[in-house]
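Engineer: my questions are about this predicted structure, shown below with the sequence.
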Amino acid sequence: MRRFIKAPLAILAEGAEGGLVVEDGRIAALVPAGAAPPHDIDETFDASSHVVLPGLINTHHHFYQTLTRAFPPALNRELFPWLTALYPVWARLDPEKLALAATTAMAELMLSGCTTTTDHHYLFPAGLDGAIDIEIAAAERLGMRVVMTRGSMNLSQKDGGLPPDHVVQDADAILADSARLLAAHHDPSPHAMVQIALAPCSPFSVTRDLMKESATLARAHGARLHTHLAETLDEEDFCVARFGMRPVDYLEDVGWLADDVWLAHGIHFPPADQQRLAKAGVGITHCACSNMILGSGHCPVHALEAAGCPVGLGVDGSASQDASNLMQEVRHAFLLQRHHYGVTSISHLDALRWATVGSARCIGRADALGRIDVGMAADLALFTLDELRFAGHGDPIAALVNCGAHRADRVMIAGRWTVIDGTLIGLDIPRLIADQQAAARALQA
Ligand code: ZN
């Protein structure tokens, strides 16, 4: 099957003004303006009313948190008290609720134009040993490309950590399950639909040894490493008190100052640390909404990129967001960074770059994802500009960001349409909403 996406209204790619050809899950050709496709075509899609973007890539999330959106006891709190209010609720997760939460999160992402997502899952209460397997099954049902990061916590209150004792696991169980998941699911090929990364949760919930052992295990499988770092000054104080060093020194101490690592948040980095991170090739996920809602601070995106760090976007968990809409996150990141750096330093194209090429670099997938070019994955997000919010627009691509696009009309992942006319194929959304709301009510009770 060879598909021609013909004559888009606008496209975020050079030399594809006439469209692009998709075959075997990849982009087979770009078609310049006014030219015909170079191959025979089986199916033509008229994109004359669509703005075509590379599929957006979400590099940080906690799917399960869609069950605790706008949770009253956690509203209006900073990170540490926010976590303390939520840990006991999350400890009651079960397989059915996680399957619903993962489906809800990925459906919301896909409808916003996201084609690849990560998830940082670090809660494994009794009965939820197969959490990552459940998430992968949900992704396969939806047809979404994923990098599931096997999270972990083994430092609880009794040992000086933040989480309560009953939500952590011991290091042996964590490493055994991590090895199992890497062997069962990790596909290192550039066009993989499923990859695994290892993701000890944060300095205040994981031991130094587990950071080191996770790195050794991931690297033995060619997999990447992910964690939260430099999100709050509370975390920095914790690092100094417990490890006798600040977060980036700690990162280096445990062998994580390397180009197979990406970090969520990256807010509290002084300029000298930004240079060290860039020299090592560490990627940073900017989570604008989460940072604003928790009042965590400002990620110095412009400075990090100027230093040479890959910078991507993440919606972060839906308890600190409280959405999973990546196109909205593009706009919020654009506004937040422009507010900080000024109008001449940040454009809508910067924000779109973070959500595409930048995110692909963070997860080590820039060879196949994040750009529209020959040989790249056929992961595309197509938006129409027929809502009231766009009426009167000039530049169609700027309109997506500046006017607040929030819903893709069509989404293609690995050459397959997964969203058509703003509807996810094969998913009963009203039923999902009802089931998810019932599960949330039960969990929060
Ligand atoms: Zn997070």
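Structural biologist: Looks like it arrived, so ask away.

Engineer: stretch 195-213 - what's its average pLDDT?
Structural biologist: For stretch 195-213, mean pLDDT is 97.

Engineer: how about it as PDB, C-alpha atoms only?
Structural biologist: What follows is stretch 195-213, C-alpha atoms only, in PDB (Å, rounded to 0.1, in the frame of the first residue of the first chain):
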ATOM      1  CA  GLN A 195      11.200   0.100  23.800                       C
ATOM      2  CA  ILE A 196      12.000  -0.100  27.400                       C
ATOM      3  CA  ALA A 197      14.100   2.400  29.400                       C
ATOM      4  CA  LEU A 198      15.000   2.200  33.100                       C
ATOM      5  CA  ALA A 199      13.900   5.000  35.300                       C
ATOM      6  CA  PRO A 200      14.700   5.100  39.100                       C
ATOM      7  CA  CYS A 201      12.200   7.700  40.200                       C
ATOM      8  CA  SER A 202      14.200  10.600  41.900                       C
ATOM      9  CA  PRO A 203      17.000  11.200  44.300                       C
ATOM     10  CA  PHE A 204      14.600  11.300  47.300                       C
ATOM     11  CA  SER A 205      13.100   7.900  46.500                       C
ATOM     12  CA  VAL A 206      16.000   5.800  45.200                       C
ATOM     13  CA  THR A 207      19.300   4.600  46.700                       C
ATOM     14  CA  ARG A 208      22.600   5.500  45.200                       C
ATOM     15  CA  ASP A 209      23.300   1.800  44.500                       C
ATOM     16  CA  LEU A 210      20.100   1.300  42.600                       C
ATOM     17  CA  MET A 211      21.000   4.300  40.300                       C
ATOM     18  CA  LYS A 212      24.300   2.600  39.500                       C
ATOM     19  CA  GLU A 213      22.900  -0.900  39.100                       C
END
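
Engineer: that one: how far from the chain's middle?
Structural biologist: Computed by CA atoms, centre = their mean, to the nearest Å, the chain-centroid distance of stretch 195-213 equals 18 Å.

Engineer: what do you get for stretch 251-264?
Structural biologist: 18 Å.

Engineer: mind starting the numbering at 364 from now?
Structural biologist: Shifting the count to begin at 364 puts that one at stretch 614-627.

Engineer: quick one: contacts of it?
Structural biologist: Contacts with stretch 614-627, where a contact means CB atoms under 8 Å, 6 or more residues apart in numbering, come from 422-423, 483, 571, 574-575, 578, 581-582, 587-594, 606, 608, 611, 639-640, 643-648, 650, 673, 675, 677, 679, 725-727. (C-beta placed from N, C-alpha, C; glycine too.)

Engineer: start to end distance for it?
Structural biologist: For stretch 614-627, the first and last residues are 13 Å from each other (CA to CA, to the nearest Å).

Engineer: before we move on, back to that, for the contacts of stretch 614-627, which PyMOL command selects only the ones that are buried?
Structural biologist: Here is the PyMOL command that selects the buried residues among those (16 or more other CB atoms under 10 Å):
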select buried, resi 422+423+483+574+578+581+587+588+589+590+591+592+593+594+611+639+640+643+644+645+646+647+648+650+673+675+677+679+725+726+727
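
Engineer: which of the contacts of stretch 614-627 fall within helices?
Structural biologist: In this view, these that belong to helices under DSSP state H are 571, 574-575, 578, 581-582, 606, 611, 639-640, 643, 725.

Engineer: around Ala539, how many other residues sit close by?
Structural biologist: Other residues near Ala539 come to 12 when the count uses other CB atoms under 10 Å.

Engineer: what secondary structure does it sit in?
Structural biologist: Look at Ala539: counting by DSSP: H, G, I helix; E, B strand; the rest coil, its state is helix.

Engineer: try the one 4 residues further on
Structural biologist: Here Arg543 is helix, with the state taken from three-state DSSP.

Engineer: count of residues packed around it?
Structural biologist: Neighbourhood size, Arg543 [other CB under 10 Å]: 15.

Engineer: how much space between it and Ile559?
Structural biologist: From Arg543 over to Ile559 the distance is 10 Å, taken as CB to CB, to the nearest Å.

Engineer: give me every residue that touches Ala666.
Structural biologist: Contacts of Ala666 by CB under 8 Å, 6+ apart are 634, 637.

Engineer: ugh, typo on my part, it should be Ala465
Structural biologist: Neighbouring residues of Ala465 by CB under 8 Å, 6+ apart: 426-427, 482, 497-498, 501-502.

Engineer: try 6 Å
Structural biologist: Contact analysis of Ala465 by CB atoms under 6 Å, 6 or more residues apart in numbering lists 426, 498, 501.

Engineer: redo those residues as CSV? Include pLDDT, distance to Ala761 and secondary structure.
Structural biologist: Formatted as CSV, the contacts of Ala465 follow (pLDDT from 0 to 100; distance: CB to CB, whole Å; DSSP: H, G, I helix; E, B strand; the rest coil):
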residue, pLDDT, distance to Ala761, secondary structure
Phe426, 97, 31, helix
Glu498, 98, 35, helix
Ala501, 98, 35, helix
